[in-house]
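Novice: Need a 3D model of the following:
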Amino acid sequence: MIVALFGVLFSGLIGIILGMIAGYVGGWADSVIMRIVDTWMAIPGIFFMLLLVAVLRRAGITGLAPIIISIAFNMWVPYARMVRGETLSLKQRDFISLAKVTGDSSSRIMFKHIFPNVLNTIVVMATTQLGGAIMAEAGMSFLGVGVQPPNTAWGLMIAESNKYITAGVWWIPTFAGVLITITILGSNLFGDWLRDTLDPRTRQSMK
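Specialist: Numbers count the residues shown, from 1 in each chain. Okay, the predicted model is just below:
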């Protein structure tokens, strides 16, 4: 959970900043960032994370940091695409034009006026992304490149208990897998509830 939470947090920070720059500044900045996004989407996620973790550990970075960094750099693209789209819509609004007239800088407009208006959508996306981060961490731990002993993780528990299944000790990998499933399902359901609660368009359609 620690790895997933911090991975989602840092991926959100990267995606939000790049998305607002692409949407608000436009021009060459938008083109460069969107080409990076397109390239990033073409890279297989699990392969990229495994490679990045190996490189970071070879560079002397140990503990949970390599896994968190790999998740963050693998999951920032959806935030950037979503925030860019929201920013393109918001920068046409009258309150943004008024902020420009009063002399607000671009950075102030982005973080004071645009960011609060996309925060609800970001929170919803983060809760749904949490399930994917948990699955990614569990997969890497199962493959032996994720969380390392003496730390513990559900994926690591499944990997280490495989050799005991033939001896009848089936409950360790079973319960670890069930907990992974419940946690991911819970995060997705929580994300759906937040979307229904925070999105005014969804509330109106439900009425």
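Novice: Helix or strand next in line after the host helix or strand of Ile158, which one?
Specialist: In this structure, Ile158 sits in helix 154-161 according to DSSP states H and E. Next helix or strand after helix 154-161 toward the C-terminus (DSSP H and E): helix 171-198.
Novice: got any ranges where the chain has weak pLDDT?
Specialist: Scanning the chain with the threshold set as pLDDT under 70 gives 199-207.
Novice: In it, which residue sits furthest out from the middle?
Specialist: Ranked by distance from the centre of the chain (CA atoms, centre = their mean), the top residue is Ala167, with 38.8 Å.
Novice: if we can go back for a sec, could you check the angle the helix holding Ile158 makes with helix 171-198?
Specialist: Between helix 154-161 and helix 171-198, the angle comes out at 170 degrees (axes from the mean of the first three to the mean of the last three CA atoms, to 10 degrees).
Novice: how about Asp30, what does it touch?
Specialist: By CB atoms under 8 Å, 6 or more residues apart in numbering, the residues touching Asp30 are Ala22, Gly23, Arg84. C-betas here are computed from N, CA, C, even on glycine.
Novice: Of these, which is the nearest to Leu5?
Specialist: Arg84 (24.5 Å; CB to CB).
Novice: Could you say which helix or strand holds that closest one?
Specialist: Residue-wise, Arg84 maps onto helix 77-90 under DSSP H and E.
Novice: mind checking how far that helix is from the chain centre?
Specialist: Remark: helix 77-90 is offset 14 Å from the chain centroid, using CA atoms, centre = their mean, to the nearest Å.
Novice: So which bits of that helix are buried?
Specialist: By 16 or more other CB atoms under 10 Å, the buried positions in helix 77-90 come out as Val77, Pro78, Tyr79, Ala80, Arg81, Met82, Val83, Arg84, Glu86, Thr87, Leu90.
Novice: Equivalent analysis for stretch 38-49, please.
Specialist: Residues of stretch 38-49 classed as buried: Gly45, Met49 (neighbour count, 16+ other CB under 10 Å).
Novice: Following the chain onward from the helix holding Arg84, which element is next?
Specialist: Heading C-terminal from helix 77-90, the first helix or strand you meet, by DSSP H and E, is helix 94-101.
Novice: continuing past that next one, what's the next helix or strand?
Specialist: According to DSSP H and E, the helix or strand after helix 94-101 is helix 106-108.
Novice: which other residues reach that following helix?
Specialist: Tyr24, Val25, Ala99.
Novice: The first one: neighbour count?
Specialist: Burial of Tyr24, expressed as a neighbour count using other CB atoms under 10 Å, amounts to 22.
Novice: Next: the second one.
Specialist: Neighbourhood size, Val25 [other CB under 10 Å]: 15.
Novice: Tell me how many other residues surround the closest residue in space to it that isn't next to it in sequence.
Specialist: What sits nearest to Val25 in space, not counting adjacent residues and going by CB to CB, 6 or more residues apart in numbering, is Ser106, at 7.0 Å. Neighbours of Ser106 under the rule other CB under 10 Å: 13.
Novice: Thank you, goodbye.
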